[in-house]
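> next input, structure requested:
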Amino acid sequence: MKLLLDENLPVRLKYRFNKSIPLSTVSDEGWSSTKNGELLKLMRGNGFTVLVTADQNLRYQQNLAKYEIVIILLISRTNRYQDLISYIPDIEATLPPNISHGVIEIKSK
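Numbering: from 1, shown residues only. Reported below is the predicted structural model:
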């Protein structure tokens with residue numbers, strides 16, 4: 001399992017995850033400004049199986065079933081770092097092998 005943080009999330013959020021989780025950001029990979037369809041193809045071609053994003057339209061704009069990846073969708077009022085760090089334990093709890101594909105919504109508490 002490899003996890004990718006979408007570019008609509010703060011890059012420094014990656015440092016809050018358990019260090020044993022293989023994790024990168026869209027920026028780290030050099031994929032900034034890549035359209036969603038191309039990003040999903042790049043993910044699969046580079047071994048990523050989980051995308052963490054705040055893009056609530058992604059699931060309606062792409063045929064996610066053909067990519068066989070897990071989309072973890074963060075439902076938050078903002079994309080600010082301070083608002084999102086509380087999501088980390090819930091994100092880590094849903095990572096494979098707990099689920100192998102589909103969209104998982106995580107809402108603020």
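> which pLDDT value belongs to the closest residue to residue 22 other than its chain neighbours?
In this structure, residue 22 finds its nearest non-sequential neighbour in residue 2, 4.5 Å apart by Cβ to Cβ, 6 or more residues apart in numbering. Bear in mind the C-beta positions are built from the backbone N, C-alpha and C, glycine included. Looking at residue 2, its pLDDT is 93.
> please pull out the lowest mean pLDDT helix or strand from this protein.
helix 58-61 (a mean of 80; mean pLDDT, DSSP states H and E).
> for the residue nearest the centre of the chain, give its distance to residue 80.
Centroid-nearest residue in the chain, with Cα atoms, centre = their mean: residue 52, separated by 1.2 Å. Relative to residue 80, residue 52 is positioned 15 Å away (criterion: Cβ to Cβ, to the nearest Å).
> ok, residue 32 next?
19 Å.
> repeat for residue 44
On the measure of Cβ to Cβ, residue 44 and residue 80 end up 30 Å apart.
> hmm, back to that, buried residues, the helix or strand that the least confident helix or strand of the chain is followed by. List them.
Later in the chain than helix 58-61, the nearest helix or strand by DSSP states H and E is strand 70-75. Residues of strand 70-75 classed as buried: 70, 71, 72, 73, 74 (neighbour count, 16 or more other Cβ atoms under 10 Å).
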